[in-house]
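1. Quick one: sequence and predicted model below, then my questions.
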Amino acid sequence: MSRSDLLQGCKMNNYYQLTVGNLTRDLPIIELPNGIKIASFVLLGDAELVREVTPLLQKKLPEFDVIVTAEAKGIPIAQSLADALYHRKFYVARKSQKSYMVDPLSIEVNSITTEQTQMLYFDGIDAQEIAGKRVAIIDDVISTGESIKSLESLVEKAGGNVVCRAAILAEGDAKNRDDLIYLEHLPLL
């Protein structure tokens with residue numbers, strides 16, 4: 001399936017040029033079905049950008065024990081940070097309950113780029129491993145903060161202590177939050 005197929009229902013107009021570290025990307029400006037226009041930043045598949053931003057983001061993070069991200073676009077940066085820090089693993093809140101999950105924890109999430117309420121799930125085994133740990137929540141973009149807020153609630157349900165919320169980009173008014181760590185601002189257009 002092509003990117004244009006995936007963006008079906010969204011109107012595309014022009015591009016926004018984003019520079020992060022030493023790399024520049026031309027992001028297509030799309031209008032979401034709710035009328036909000038965003039510069040569409042897709043980290044999945046951009047290995048060069050992940051390599052560029054990993055050390056930049058790593059320098060800004062406080063001490064923590066484990067990395068948590070939500071499925072799916074935060075996975076590449078979470079994986080890269082875990083590799084750079086020699087972590088044994090990182091944790092992913094899944095968007096659907098999997099049959100292998102033992103006593104899963106769940107929470108609702110509303111994202112700016114998703115029309116409907118979704119669910120996030122932790123395997124109960126992962127939740128036990130997160131309990132009592134200092135957690136860094138990592139994502140690609142933080143916009144309204146609803147996804148991060150839901151992910152933080154899920155971590156707290158698991159008994160983890162969130163010590164930072166970090167992303168490559170802060171979109172819109174997220175740049176004004178003093179509880180977020182990010183590399184660059186991405187405006188809502």
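-> Ah, there it is. Numbering: from 1, shown residues only.
2. Let me know the pLDDT of the spatially most central residue of the chain.
-> Centroid check for the chain by Cα atoms, centre = their mean gives D139 as the closest residue, at 2.2 Å. On pLDDT, D139 comes in at 95.
3. and if you look at D5?
-> 43.
4. And for Q8?
-> pLDDT, Q8: 45.
5. before we move on, back to that, which ones are touching the residue nearest to the centre of the chain?
-> By Cβ atoms under 8 Å, 6 or more residues apart in numbering, the contact list for D139 reads T69, A70, K73, G74, I77, S147, I148, L151, A166, A167. Quick note: C-beta positions are derived from backbone N, CA and C, even for glycine.
6. Ends of stretch 81-93, what's the gap?
-> Distance between the two ends of stretch 81-93: 17 Å, counting by Cα to Cα, to the nearest Å.
7. what do you get for stretch 83-103?
-> Chord length of stretch 83-103, first to last residue, is 28 Å (Cα to Cα).
8. what does that stretch contact?
-> With Cβ under 8 Å, 6+ apart as the test, stretch 83-103 has contacts from 54-55, 58, 66-72, 75, 78-79, 81-82, 104, 106, 118-127, 129-130, 151, 154.
9. Which among those residues count as buried?
-> 54, 66-70, 75, 78-79, 81-82, 104, 118-123, 126-127, 129-130, 151, 154 (16 or more other Cβ atoms under 10 Å).
10. Sitting in helices, which of those do you find?
-> Members of the buried ones among the contacts of stretch 83-103 lying in helices (criterion: DSSP state H): T54, I75, A78, Q79, L81, A82, D126, A127, E129, I130, L151, L154.
11. which residue sits closest to the last one in space, ignoring its chain neighbours?
-> Spelled out, it's L154. Sequence neighbours aside, I107 is the residue nearest to L154 in space, at 4.6 Å (criterion: Cβ to Cβ, 6 or more residues apart in numbering).
12. where's that neighbour relative to Q79, distance?
-> Separation of I107 from Q79 (Cβ to Cβ, to the nearest Å) stands at 23 Å.
13. next one: I36
-> Distance, I36 to Q79, using Cβ to Cβ: 29 Å.
14. helix, strand or coil for Y86?
-> What DSSP: H, G, I helix; E, B strand; the rest coil gives for Y86 is coil.
15. can you tell me how far it sits from Q58?
-> From Y86 to Q58 the distance is 12 Å (Cβ to Cβ).
16. Over to N14?
-> 33 Å.
17. Same question for L43.
-> Distance from L43 to Q58, by Cβ to Cβ: 16 Å.
18. for H87, same thing?
-> According to Cβ to Cβ, H87 stands 12 Å off from Q58.
19. what residues are shared contacts of the two?
-> Residues touching both H87 and Q58 (Cβ under 8 Å, 6+ apart) are L81.
20. And the helices in the chain?
-> All helices of the chain, identified by DSSP H, fall at 3-6, 47-60, 75-84, 124-130, 146-157.
21. closest to L18 out of these?
-> Evaluated over these, closeness to L18 peaks at helix 47-60, with 9.7 Å, by Cβ to Cβ.
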